[in-house]
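Visitor: need coordinates for the below:
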Amino acid sequence: MTTAAAPTDLRALLALGQARRPWEFIRAVASAGPEVATIPPIRFLLAANLGSLGFADLAIEELDAVDASGTPGLNTADLRSGLASRAKTAVPVQTLRETSEHNLALLGLDQTIADTSPVWMTDTGACAWRDAGVITGCDAGAHAASVLERSNLATDRLPSDHLPPLLIAGLSTPHLLRSALRATRPLTNGYTPRIFVVEPDEHRATRALSMLCLNEDLEGDPVGERLSLFTGEGAIESLGNALGSTIDCSLPRSVMLDPLAPKALAEGAQRTLTDLHERQSVAIDAEAARIERETQTLDEAVARVRAGTGLRVLIPVSRHSNFVRHSASDLAEALRSLGHVPTILTEPEPHRVLSRLGYLRAWANTNPDLVLTINHPRWRTATALPERAPSVCWVQDAMPHLFEDAASKQGEHDFIVGYRFQELTERFGYRPDRVIDAVLPVNT
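Guide: Coordinates of the predicted model:
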């Protein structure tokens, strides 16, 4: 990033260079422009601050360029001696190129790889690079941790199985992306959310992707299947089209900003995301109105059930389950053999969760006579399914969420069938005449 030179208070900059706030000083030098970076005392302090961060290679390179002949007091010999004893942290350019090419192929991006600028990595996860003579840097690892904390995605916690997709604006460093990948390692049911990254500057994206092999972060969760990178001039528009194509599923809640990305990029991504949420909200209202206008009433559904006609049965079940999704398939097969018409409603892809819009559209399209859920009563569905058909919750496990107050939630046509736990009626307000004991069958 080359920044146009601006009026600089050299005294303040020199004081900052001696204040032991290296990242702040490096950013200040980068913002001041390439001419300021060549001033001998500034360049000397730049070398010292880079050395304090562990960038010995880059610090020595800057020190070699210091012209101390006209500036007494710059003890370059002592600084050089101290830097010489430190471990080298430069990554070979060929390694960077190979890593970048690997990651781009992993993401299915057919791009010509430009020359990749040298990158210096340290044990703290910080990075710095030369860009048109200006040294750019930030404590990217600390920033990533802060962003994830604010997003309720701290790296030492696992997300729930309904975590929505993540949206990252900017890819100047890989630290936020890597932290997000690590914070969303697969749950026991295998679920991980999609991650969308928008970076219009292809060179920045290529350079960031040269810093680490993405598939080394997640065992058993191929990162190429859930990470989408949008680069180039129409990156934000492409992002909007991709998210809009699956608006029946959950959208990202907010935008996470890369530490070196311009705020304008985050603002553009946020506008796109806001527009998508508004579109989803309008569609939800339209589908709810369509259900009221076009689908049968509860009384009509009950009448069809009692008439013994072939029933339209909606079976919502998450593909992000270890066992229940197989039970849903068995139930559908059994219903079909009895002459009914079952429809299993589940997520369209492994890394998505359905939004309320997805449930309402399925209801409007199916016009069910019966809703059949497994272990989750109708009122516990994340989208609160309409009460326009009888619902049966097939209980095959003593799930903790079943043992909660149901007195104000269980409707007249909400039935619990399967394992009849006495606590449900005796302690938690389930209606006894709506809880039916049934032996669970075994699929041969």
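Visitor: my guess is residue 405 meets residue 430, correct?
Guide: No: the pair residue 405 and residue 430 does not pass the contact test of CB atoms under 8 Å, sitting 9.4 Å apart. Backbone N, C-alpha and C define where each C-beta goes, glycine included.
Visitor: looking at these two, which is more packed in?
Guide: The residue with more neighbours, out of residue 405 and residue 430, is residue 430; 25 against 11, by other CB atoms under 10 Å.
Visitor: let me know the distance separating that one from residue 374.
Guide: Here residue 430 is placed at a distance of 17 Å from residue 374 (CB to CB, to the nearest Å).
Visitor: same check, this time on residue 407
Guide: Distance from residue 407 to residue 374, by CB to CB: 23 Å.
Visitor: ok, residue 419 next?
Guide: Separation of residue 419 from residue 374 (CB to CB): 12 Å.
Visitor: give the residues shared as contacts by these two.
Guide: Any residue near both residue 419 and residue 374 by CB atoms under 8 Å, 6 or more residues apart in numbering counts here, and that gives 395, 396.
Visitor: okay, those two: which has more neighbours?
Guide: residue 374 (23 against 18).
Visitor: confidence score at the more buried one?
Guide: What the model reports as pLDDT for residue 374 is 91.
Visitor: would you check that it makes contact with residue 326?
Guide: No: using CB under 8 Å, residue 374 is not in contact with residue 326; the gap is 10.2 Å.
Visitor: quick check: phi and psi on the closest residue in space to residue 232 that isn't next to it in sequence?
Guide: Counting by CB to CB, 6 or more residues apart in numbering, residue 202 is the residue found nearest to residue 232 once chain neighbours are left out, at 5.8 Å. With angles defined as degrees, to the nearest 10, residue 202 sits at phi -60, psi -30.
Visitor: what is the burial count for residue 202?
Guide: The number of residues near residue 202, taken as other CB under 10 Å, comes to 17.
Visitor: gap between it and residue 128?
Guide: For residue 202 relative to residue 128 (CB to CB), the value is 21 Å.
Visitor: could you do residue 286 as well?
Guide: 51 Å.
Visitor: neighbour-wise, which of those two wins?
Guide: A count of neighbours by other CB under 10 Å puts residue 128 above the other of residue 286 and residue 128, at 27 against 14.
Visitor: if you skip the residues just before and after it, what's nearest to the more buried one?
Guide: Excluding the flanking residues, the one nearest residue 128 by CB to CB, 6+ apart is residue 137, at 4.0 Å.
Visitor: ok, that neighbour touching residue 26?
Guide: Yes: using CB under 8 Å, residue 137 is in contact with residue 26, at 4.3 Å.
Visitor: any residues in contact with both of those two?
Guide: Applying CB under 8 Å, 6+ apart, one finds that residue 137 and residue 26 are jointly contacted by residue 128.
Visitor: residue 316 bridge partners, please.
Guide: Residue 316 forms beta bridges with residue 345, as assigned by DSSP bridges.
Visitor: can you show me the CA trace of whichever helix or strand residue 363 is part of as CSV?
Guide: Element membership for residue 363 (DSSP states H and E) is helix 356-366. Only the C-alpha atoms of helix 356-366 are listed here, as CSV (Å, rounded to 0.1, in the frame of the first residue of the first chain):
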residue,chain,number,x,y,z
ARG,A,356,-37.3,-18.7,8.6
LEU,A,357,-37.9,-17.9,4.9
GLY,A,358,-36.8,-21.5,4.0
TYR,A,359,-39.3,-23.0,6.4
LEU,A,360,-42.1,-20.8,5.3
ARG,A,361,-41.5,-21.4,1.6
ALA,A,362,-41.5,-25.1,2.2
TRP,A,363,-44.8,-24.8,4.0
ALA,A,364,-46.4,-22.7,1.3
ASN,A,365,-45.2,-25.2,-1.4
THR,A,366,-46.2,-28.3,0.5
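Visitor: could you pull out the strands for the stretch 101-250 of the chain?
Guide: Here the stretch 101-250 of the chain has its strands, by DSSP state E, counting those that start in this stretch, at 119-121, 127-131, 134-138, 166-169, 195-199, 227-231.
Visitor: go on, the stretch 251-400 of the chain?
Guide: So, for the stretch 251-400 of the chain - with DSSP E, counting those that start in this stretch - the strands run 255-257, 312-316, 341-345, 370-374, 391-395.
Visitor: for those strands, which one sits closest to residue 238?
Guide: Among those, the nearest to residue 238 by CB to CB is strand 255-257 (15.7 Å).
Visitor: what does the closest one contact?
Guide: 147-148, 151, 166-170, 176, 180, 263, 265-266, 269-270, 273.
Visitor: direction included, what does that strand pair up with?
Guide: Strand pairing (DSSP bridges) places strand 255-257 next to strand 166-169 (parallel).
Visitor: now could you export just the CA positions of the partner strand as PDB?
Guide: Only the C-alpha atoms of strand 166-169 are listed here, as PDB (Å, rounded to 0.1, in the frame of the first residue of the first chain):
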ATOM      1  CA  LEU A 166     -19.200 -15.400   8.400                       C
ATOM      2  CA  LEU A 167     -18.400 -12.400   6.200                       C
ATOM      3  CA  ILE A 168     -14.800 -10.900   6.200                       C
ATOM      4  CA  ALA A 169     -14.100  -7.700   4.400                       C
END
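Visitor: quick check: mean pLDDT across that strand?
Guide: Strand 166-169 comes out at a mean pLDDT of 95.
Visitor: residue ranges with poor pLDDT in the stretch 251-400 of the chain?
Guide: Applying pLDDT under 70 to the stretch 251-400 of the chain picks out residues 382-383.
Visitor: quick one: residue 320 and residue 192 touch, right?
Guide: No: applying CB under 8 Å as the test, residue 320 and residue 192 come out as separate, 9.4 Å apart.
Visitor: next up, the contacts around residue 362.
Guide: Contacts were defined as CB under 8 Å, 6+ apart; by that measure residue 362 touches 314, 316, 343, 345.
Visitor: quick one: stretch 353-370 to chain centroid distance?
Guide: Centroid displacement of stretch 353-370 relative to its chain, using CA atoms, centre = their mean, to the nearest Å, is 25 Å.
Visitor: before we move on, what about stretch 21-28?
Guide: So, by CA atoms, centre = their mean, the centroid of stretch 21-28 is 30 Å from its chain's centroid.
Visitor: ok, residue 336 to residue 261 distance?
Guide: Going from residue 336 to residue 261 by CB to CB gives 52 Å.
Visitor: neighbour-wise, which of those two wins?
Guide: More crowded of residue 336 and residue 261, by other CB under 10 Å: residue 261, with 23 against 13.
Visitor: re earlier: ok, now how distant is the residue nearest to residue 128 from residue 34?
Guide: According to CB to CB, residue 137 stands 15 Å off from residue 34.
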